[in-house]
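Asker: Sequence first, predicted model second:
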Amino acid sequence: MRLKFSQFLVAFLIIGSLILGGCSAQEVSLNSSPGSTAVETTTTTAEATSVSETNSESNSGMTNSLPRLEGKATVVITVKGSPITVEVDGTNAPITAGNFIDLVQKGVYDNTVFHRVVRQPQPFVVQGGDPQSKDPKSSQQLWGTGGYIDPKTGTERRIPLEIKPKGEAEPLYGKTFESARVTVAPELQHKQGAVAMARSQQPDSASSQFYFALADLGFLDGNYAVFGQVTQGFDVVNKIQQGDRIDSAKVTQGAENLKVPQ
């Protein structure tokens, strides 16, 4: 998406101070919503690198131990009694989608808070999914800093950055398009109603936090992993206020497509 100078400045101000959550309490002010520390407007002149070449250089083997969605699934997220229907795309984002469906089935998102809602100076995101926010006695200052703690390991499950370029057979893992010198658009883009994973500055730091795109946010494409799209109930998303809770999140179709390593 091409931005006029004024639009670019607004985007820079929003993103420059906000990075998606999933880090320590000391990093809350910097790492708690979608974006990166800078928005580049220049284009790279380096020769593009294929996804297969780049993946061979990264530790994409970690994906073998994570849930995978083979195909698509439908999730209904209910907020204040109203449903939001999300089509989750495991065809183009199998690990990111599999992680989300697995956490939905585990009830991780039930009763969690949307801790960040950014609509000014222009529509941006509604973000939630921090399990710490379930506890009404927990400090709100910590909301947006946590992820899913795997009871088997006692540690936070983290998933690699996973973005599939158009025309490629497999996603790119562990790198942004810019760092991997990928020059094509991703299959799943930040269109209005897109659902994507929050992360810190480290590419492979996403866990459970996710966000809804309130508008077309093309400047995030290639940097954050989109894994789904709101197909019904975007009016409900538009009414979410900071502090609203998820009543429930349920897989209504495609649960059989989830493959969980034993």
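Answerer: Cool, the structure landed.
Asker: what separates the residue nearest to the spatial centre of the chain from T183, distance-wise?
Answerer: Centroid-nearest residue in the chain: M197, 1.0 Å away (criterion: C-alpha atoms, centre = their mean). When C-beta to C-beta, to the nearest Å is applied, the distance between M197 and T183 equals 23 Å. Using the backbone N, CA and C atoms, a C-beta is placed for each residue, glycine as well.
Asker: would you say Q132 is within a helix?
Answerer: Yes - the assignment for Q132 is a helix, going by DSSP: H, G, I helix; E, B strand; the rest coil.
Asker: Nearest residue to it in space, please, no chain neighbours.
Answerer: Closest residue in space to Q132, ignoring its immediate chain neighbours: G146 at 4.0 Å, by C-beta to C-beta, 6 or more residues apart in numbering.
Asker: ok, the one you found touching P131?
Answerer: Yes - with contact defined as C-beta atoms under 8 Å, G146 reaches P131; the gap is 5.9 Å.
Asker: what sits in contact with each of these two?
Answerer: Where contact means C-beta atoms under 8 Å, 6 or more residues apart in numbering, the residues bridging G146 and P131 through contact with each are S208.
Asker: these two touch, right, the residue nearest to the centre of the chain and L220?
Answerer: No - under the criterion of C-beta under 8 Å, M197 lies out of contact with L220, with a separation of 11.2 Å.
Asker: just the strands in the stretch 1-150 of the chain please.
Answerer: 68-69, 72-79, 82-89, 116-118, 125-128, 149-150 (DSSP state E, counting those that start in this stretch).
Asker: next one: stretch 135-155 to chain centre, how far?
Answerer: The chain centre lies 17 Å from the centre of stretch 135-155; the measure is C-alpha atoms, centre = their mean, to the nearest Å.
Asker: so how far is the first residue of that stretch from its last?
Answerer: Between the opening and closing residues of stretch 135-155 there is a gap of 19 Å (C-alpha to C-alpha, to the nearest Å).
Asker: tell me the mean pLDDT for that stretch?
Answerer: Averaged over stretch 135-155, pLDDT sits at 91.
Asker: So which bits of that stretch are buried?
Answerer: Applying a neighbour-count criterion of 16 or more other C-beta atoms under 10 Å, one finds L142, W143, G144, T145, G146, G147, Y148, I149 buried in stretch 135-155.
Asker: of those residues, closest to Q262?
Answerer: For the buried residues of stretch 135-155, the residue nearest Q262 by C-beta to C-beta is Y148; the value is 18.7 Å.
Asker: Which residue is the nearest non-sequential neighbour of that closest one?
Answerer: For Y148, ignoring the flanking residues on the chain, the nearest one in space by C-beta to C-beta, 6+ apart is S208 at 4.2 Å.
Asker: can I have stretch 93-105 written out in PDB, keeping just the CAs?
Answerer: The C-alpha trace of stretch 93-105 is given here as PDB (Å, rounded to 0.1, in the frame of the first residue of the first chain):
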ATOM      1  CA  ALA A  93      -0.100 -20.500   7.600                       C
ATOM      2  CA  PRO A  94      -0.200 -24.100   9.000                       C
ATOM      3  CA  ILE A  95       1.800 -23.500  12.200                       C
ATOM      4  CA  THR A  96       0.300 -20.100  13.100                       C
ATOM      5  CA  ALA A  97      -3.200 -21.400  12.400                       C
ATOM      6  CA  GLY A  98      -2.500 -24.700  14.200                       C
ATOM      7  CA  ASN A  99      -1.300 -22.900  17.300                       C
ATOM      8  CA  PHE A 100      -4.400 -20.700  17.400                       C
ATOM      9  CA  ILE A 101      -6.800 -23.600  16.900                       C
ATOM     10  CA  ASP A 102      -5.000 -25.700  19.500                       C
ATOM     11  CA  LEU A 103      -5.200 -22.800  22.000                       C
ATOM     12  CA  VAL A 104      -8.900 -22.300  21.200                       C
ATOM     13  CA  GLN A 105      -9.600 -25.900  21.900                       C
END
